[in-house]
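A.B. asks: Sharing a model that was predicted from the sequence below.
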Amino acid sequence: MRRRSVALLVAAGVGMAGVAAVPAEAHDSKRVVGYYTNWSGYDRNFLVSDLVKNGSAARLTQINYAFGFVDAAGNCLSSDAWADYQRPFSAEQSVDGKADEPEQVLNGNLNQFKKLKKKYPKLRISISLGGWTGSKYFSDAALTPASRAAHVKSCVDMWLKGNLPGLPAGAAKGVFDGIDLDWEWPGSEGNPGNVIRPEDKQNFTALVHEYRTQLDRLSWPFKGRYNLTAFLPANPTMIDNGFEVRKLFKDLTFGTTQGYDYHGPWEQLTNQQSAIDGPKGDPTTPEFSSQVTIDSYLARGAPRSQLVMGVPFYSHGWTGVTDANHGLFQPSTGAAPGTFEPGTDDYRYLKAQLSNYTVYRDNKAGFAWIFDGTTFWTWDDPVEMKRKAQYISKRDLGGAMIWSLDGDTGNGELISTLHRNLH
């Protein structure tokens, strides 16, 4: 299960009375934001503790935990209660090396996050709401002032006040420092069956403002204590259909832009999925690239310092590819077999097979791929992570966002390269 945005192309200190205030953000010159999914601990066996073991936690400024869902009534709910707060962890699996005890109230990833924050006190963690399969009812939740207020209250109560179903009140309080909105997409088709309205664009602005209002009220007198972020599409048409960019960024702490899925195996032709610029010879139109996306947001009023550019720790692949042009822009017979799903695989798994492939790079457009004469995979390795970090730094953007942290190697070679080259 991945965030699949196929529709992209198919359509600090001490406060008053000595009370410690949680800072709105804790970062150096650039943010490093990573998505950790609640399914990472299943087949992938990538636990929260692995963020410590591979060095990711020490390099991240924020984790977005994916995903919380929104139900038909507009209320927040867990998409996987077992993974989120019920699963017990052994000492070997745990962040602090201590096993969960039978009588403890909070288990699961949320308890591991609490331990992670003790180890890395500057790290911020947000609950990410929606995603590709969890955005169906966002339009209903955002429809009216009353529905927006009720929706936000539900999410604040559950995730920030920590009132989880079946547990004592406040059992998960203090786990999350903010909310990340991942509505895919306002005013545009996402996952089939999603509710879509023409007024989604204005309603999303109003929803974000309602979140900002309630978050500031919750953190009073420490205005800005809680982060409020949003995941934003790469497609300029989708931007215009659903996002009042200048208004949104007045309430957002920052926004993360989609820096991947520009092309994929839902198309017959092989192509790049995360190029910095449009490659020469690309037979498809319009152009999709990180430069197109970033320029689109800047032109619509997004501040550079609040734009965080997405980068992938996974690849898209095709098989049955014509052996010409090193496999690039060639017809295929379909999606390449992947470890967990056809057409997609994590960097760490593909790296283990790299001896079977030849690496090719387009240094001008800024992307790479691997090809064995039949099977083609997009390829974001340390060389490309360095290139992306340098682009982010050169354009003075707010940082990098990773989808997703479970794709990296056991020694964190992707995030270490990304972090080292952000200035």
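C.D. replies: In hand now; what should we look at?
A.B. asks: Give me the secondary structure label for Gly310.
C.D. replies: Three-state assignment for Gly310 (DSSP: H, G, I helix; E, B strand; the rest coil): strand.
A.B. asks: can you tell me how far it sits from Asp406?
C.D. replies: Gly310 sits 16 Å away from Asp406, going by Cβ to Cβ, to the nearest Å. Glycine gets a C-beta too; all of them are placed from N, C-alpha and C.
A.B. asks: again, but for Pro283
C.D. replies: Look at Pro283 and Asp406: by Cβ to Cβ, they are 33 Å apart.
A.B. asks: what do you get for Ala275?
C.D. replies: When Ala275 is compared with Asp406 (using Cβ to Cβ), they lie 23 Å apart.
A.B. asks: Was I right to think Ser56 contacts Ile415?
C.D. replies: Yes: assessed by Cβ atoms under 8 Å, Ser56 is found in contact with Ile415 at 5.1 Å.
A.B. asks: So for the two, which residue has more residues nearby?
C.D. replies: Neighbour totals were compared for Ser56 and Ile415, and Ile415 leads with 29 against 23 (other Cβ atoms under 10 Å).
A.B. asks: wait, is the more buried one part of a helix?
C.D. replies: Yes: under three-state DSSP, Ile415 sits within a helix.
A.B. asks: quick one: it and Arg59 touch, right?
C.D. replies: Yes: between Ile415 and Arg59 there is a contact under Cβ under 8 Å: 5.3 Å.
A.B. asks: Give me the common contacts of the two.
C.D. replies: Common neighbours of Ile415 and Arg59, using Cβ atoms under 8 Å, 6 or more residues apart in numbering, are Val32.
A.B. asks: For the helix or strand that contains Gly255, which outside residues touch it?
C.D. replies: Element membership for Gly255 (DSSP states H and E) is strand 254-257. Applying Cβ under 8 Å, 6+ apart, the external contacts of strand 254-257 come out as 31, 33, 64, 180, 229-232, 234, 248-249, 290, 293-294, 297, 302, 305-310, 398-399, 401.
A.B. asks: Mind checking what helix or strand follows it in sequence?
C.D. replies: Strand 254-257 is succeeded, C-terminally, by helix 290-299 (DSSP H and E).
A.B. asks: Off-centre distance for that following helix?
C.D. replies: Between the centre of helix 290-299 and the centre of its chain there are 18 Å (Cα atoms, centre = their mean, to the nearest Å).
A.B. asks: now swap in stretch 170-187 and tell me
C.D. replies: Distance of stretch 170-187 from the chain centroid (Cα atoms, centre = their mean) equals 12 Å.
A.B. asks: Identify each buried residue in that stretch, please.
C.D. replies: Within stretch 170-187, the residues that count as buried by 16 or more other Cβ atoms under 10 Å are 171-172, 175-187.
A.B. asks: could you give me the average pLDDT of that stretch?
C.D. replies: Mean pLDDT, computed over stretch 170-187, is 98.
A.B. asks: Can you give me the end-to-end span of it?
C.D. replies: For stretch 170-187, the first-to-last residue distance is 35 Å (Cα to Cα, to the nearest Å).
A.B. asks: Kindly report the same for stretch 80-95.
C.D. replies: With Cα to Cα as the measure, the ends of stretch 80-95 fall 20 Å from one another.
A.B. asks: List the buried residues in that stretch.
C.D. replies: Applying 16+ other Cβ under 10 Å to stretch 80-95 flags 80-81, 83-87, 89, 93-95 as buried.
A.B. asks: ok, residues contacting it?
C.D. replies: Stretch 80-95 is touched from outside by 38-39, 41-42, 47-49, 52, 78, 97-100, 102, 106-112, 115-116, 119, 164-165, 167, 171-172, with contacts defined as Cβ under 8 Å, 6+ apart.
A.B. asks: Provide a ChimeraX selection command restricted to the buried entries of those residues.
C.D. replies: In ChimeraX syntax, the buried subset of the contacts of stretch 80-95 is picked out as below (16+ other Cβ under 10 Å):
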select :38,39,41,47,48,49,52,78,100,106,107,108,109,110,111,112,115,116,164,167,171,172
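A.B. asks: Just the contacts of stretch 80-95: which are in helices?
C.D. replies: 48-49, 52, 108-112, 115-116, 119 (DSSP state H).
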